[in-house]
Every structure is written in structure tokens, then in C-alpha cells.
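[1] My questions concern the predicted model and sequence given below.
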Amino acid sequence: MNMSTSTDRLTPLTREQLQFYKDNGYLILRKSASDDLIDAFNAHIRSIRLSEDMPEWAKPRRGQDVVEDKDRFSLRLFNPHLHDGFAKQMMKLPVIRGALAQLLGDEAAGVQSMYFYKEPGAPGQAAHQDYYYIRNEPNSLTAAWVA
């Protein structure tokens with residue numbers, strides 16, 4: 001088994017990947033989290049939404065309105081990291097923290113998280129600019145997605 005060193009996790013990007021990001025404004029790191037971790041997190045979130053006593057923060061919403069039970073597994077879960085330790089740890093994965101530190105030149109501050117339900121073949125998130133919704137100075141907003 002090839003074990004990563006802590007240096008690999010803290011500085012996971014190669015010079016070529018850093019240059020690709022500089023040239024293109026995005027970077028894809030395939031298989032940066034194990035399938036087991038992703039499966040465990042998906043099962044954890046599913047168990048929260050399946051719960052008879054679903055916490056208020058986890059209830060499916062459109063805007064401020066809680067919606068019908070049929071939407072439990074179609075509407076996103078907004079900011080789970082504020083309420084759930086597993087979600088917070090997913091947001092702080094070493095590969096994400098390390099890559100963002102390399103790209104930004106410093107440790108990133110996590111301000112928002114979302115869990116999207118997407119079945120295979122379903123349409124993905126529409127293209128948009130998060131900066132429109134989350135203003136910051138200096139303009140250093142960067143998004144990281146774990147699929």
C-alpha cells in the first residue's frame with residue numbers, strides 16, 4: 001500500500017497543477033477522497049434526512065419554507081458543517097485544506113457548505129458565480145467541491 005506522507009496532504013498540488021489552475025481558473029483532483037469515506041458521508045447524511053426526528057437544520061427547504069417529505073432526497077442541505085461534526089470534517093479534509101493553501105498562499109476560511117443530492121444522470125448544479133452571493137475583500141473567494 002502506498003501511504004501518503006503528511007507533506008503530500010498539506011501540499012498535494014504539483015507545479016503543473018498549480019499552473020493549470022492559474023491558466024484555467026479551475027482544477028480537478030480525481031480520487032482525492034476514498035470511496036469508503038464518500039460512501040460513509042453519504043450514508044450519514046441520508047440517515048439524518050431519514051430520521052423521524054430530523055433536526056430543524058436538516059429539513060428540506062425552498063428559501064425559508066420547509067417543504068414536503070417527498071423532497072427529503074432532492075433538495076440540498078445548506079451549511080451542514082455548522083451543525084454536524086462529520087460535515088465539518090469533510091469540509092476540512094487535508095487534501096482540500098492543503099490545495100487551497102497552495103492556491104491562495106494561506107489557510108482558507110470555510111464560510112459555507114452544501115450537500116447536494118444528485119442521482120446518476122441527473123442534471124448538475126447550474127453555472128453561477130458565488131462571489132455574487134458571498135462578497136469578500138480581498139476578492140479571494142474560492143470554491144471546493146467533493147463529488
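    Yep, it's here.

[2] When you work out contacts or count neighbours from here on, use the C-alpha atoms and nothing else.
    Noted.

[3] Could you pull up phi and psi at residue 62?
    The phi and psi torsions at residue 62 (degrees, to the nearest 10) take the values phi -120, psi 110.

[4] For stretch 18-29, buried residues please.
    Under the neighbour-count criterion of 16 or more other CA atoms under 10 Å, stretch 18-29 has 18, 27 buried.

[5] typo on my end, it should be stretch 73-89
    So, applying 16+ other CA under 10 Å, buried residues of stretch 73-89: 73, 75, 76, 77, 78, 79, 80, 81, 87, 88.

[6] Among those residues, which are located in helices?
    87, 88 (DSSP state H).

[7] Tell me which of the buried residues of stretch 73-89 fall in strands.
    Cross-referencing the buried residues of stretch 73-89 against strands under DSSP state E gives 77, 78.

[8] Return the distance of the longest helix out of those in the chain from the chain's centre.
    Ranked by residue count and defined by DSSP H, the top helix of the chain is helix 35-50. Counting by CA atoms, centre = their mean, to the nearest Å, helix 35-50 is centred 14 Å from the centre of its parent chain.

[9] next one: stretch 73-86
    With CA atoms, centre = their mean, you get 10 Å for stretch 73-86.

[10] hey, C-alpha coordinates of that stretch in PDB?
    The C-alpha coordinates for stretch 73-86 follow below in PDB (Å, rounded to 0.1, in the frame of the first residue of the first chain):
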ATOM      1  CA  PHE A  73     -33.600  13.500  -1.000                       C
ATOM      2  CA  SER A  74     -33.800  16.100  -3.800                       C
ATOM      3  CA  LEU A  75     -33.200  19.400  -2.100                       C
ATOM      4  CA  ARG A  76     -29.800  20.500  -0.900                       C
ATOM      5  CA  LEU A  77     -28.700  20.600   2.700                       C
ATOM      6  CA  PHE A  78     -27.400  24.100   3.400                       C
ATOM      7  CA  ASN A  79     -24.500  24.600   5.800                       C
ATOM      8  CA  PRO A  80     -24.400  21.200   7.400                       C
ATOM      9  CA  HIS A  81     -20.900  22.000   8.800                       C
ATOM     10  CA  LEU A  82     -22.500  24.400  11.300                       C
ATOM     11  CA  HIS A  83     -24.500  21.600  12.900                       C
ATOM     12  CA  ASP A  84     -22.800  18.300  12.200                       C
ATOM     13  CA  GLY A  85     -19.200  17.100  13.100                       C
ATOM     14  CA  PHE A  86     -18.900  14.800  10.100                       C
END
